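>>> Next come a sequence and a model predicted from it.
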Amino acid sequence: MTQGRRVERVAALIRREMSQLLINGIRDERVQLGMVTITDVEVSGDLQHCKIFVSIFGEESEKKLVMSGLNASTSFLRGILGRNLKLRRAPEIVFQLDKGIEKGASVLSLLERLEKERQISNPTSFDIDQEL
């Protein structure tokens with residue numbers, strides 16, 4: 001079970017380092033177009049492969065540009081991760097767009113709309129002042 005803890009620890013370290021690199025390290029203008037958030041990091045058991053799930057706030061065209069900027073900077077980021085984490089071999093990095101936050105927001109807006117429609121079509125609440 002120590003292997004699992006080590007993988008989780010390395011994933012947490014990669015998440016922290018990548019967050020710092022997104023703020024300070026990447027100079028690619030495409031990455032700065034949208035607000036990028038790292039939602040999850042998955043590392044393989046042998047620590048050779050790493051999937052970084054990102055959520056990008058912005059228009060669809062901006063998201064594509066940000067993803068292309070992130071994908072273009074993977075070798076640069078891999079080198080920095082290898083030096084900062086002092087791993088024998090830095091993992092291969094793959095960025096994946098995480099649409100979970102967008103889906104959650106759309107579900108919440110649908111629920112709010114349904115609640116408003118329900119209140120309009122079935123007004124069961126009444127005002128006490130009208131009764132008196």
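Now that the structure is in, tell me what you want to look at.

>>> gap between Asp98 and Glu42?
Remark: distance between Asp98 and Glu42 (CB to CB, to the nearest Å) = 11 Å. Glycine gets a C-beta too; all of them are placed from N, C-alpha and C.

>>> what about those two, which has more around it?
Asp98 (17 against 14; other CB atoms under 10 Å).

>>> For the more buried one, which non-adjacent residue is spatially closest?
Phe53 (4.0 Å; CB to CB, 6 or more residues apart in numbering).

>>> Can you give the distance of whichever helix or strand the one you found is part of from its chain's centre?
According to DSSP states H and E, Phe53 maps onto strand 49-57. Centroid displacement of strand 49-57 relative to its chain, using CA atoms, centre = their mean, to the nearest Å, is 6 Å.

>>> who does it touch, helix- and strand-wise?
helix 2-20, strand 35-43, helix 60-72, strand 92-97, helix 100-121 (3 or more CB pairs under 8 Å, 6 or more residues apart in numbering; DSSP states H and E).

>>> Could you point out which of these sits nearest Leu85?
The closest of the helices and strands packed on strand 49-57 to Leu85 is helix 2-20. By CB to CB, the value is 5.6 Å.

>>> quick check: angle from that closest one to helix 60-72?
In terms of direction (axes from the mean of the first three to the mean of the last three CA atoms, to 10 degrees), helix 2-20 departs from helix 60-72 by 120 degrees.

>>> Identify each buried residue in helix 2-20, please.
Val7, Val10, Ala11, Leu13, Ile14, Arg15, Glu17, Met18 (16 or more other CB atoms under 10 Å).

>>> Quickly list what the residue nearest to the second one when sequence neighbours are not counted is bridged to.
Think Val10. Take Val10 and drop its neighbours on the chain: the residue closest to it by CB to CB, 6+ apart is Val43, 5.4 Å away. For Val43, the beta-bridge partners are Cys50 (DSSP bridges).
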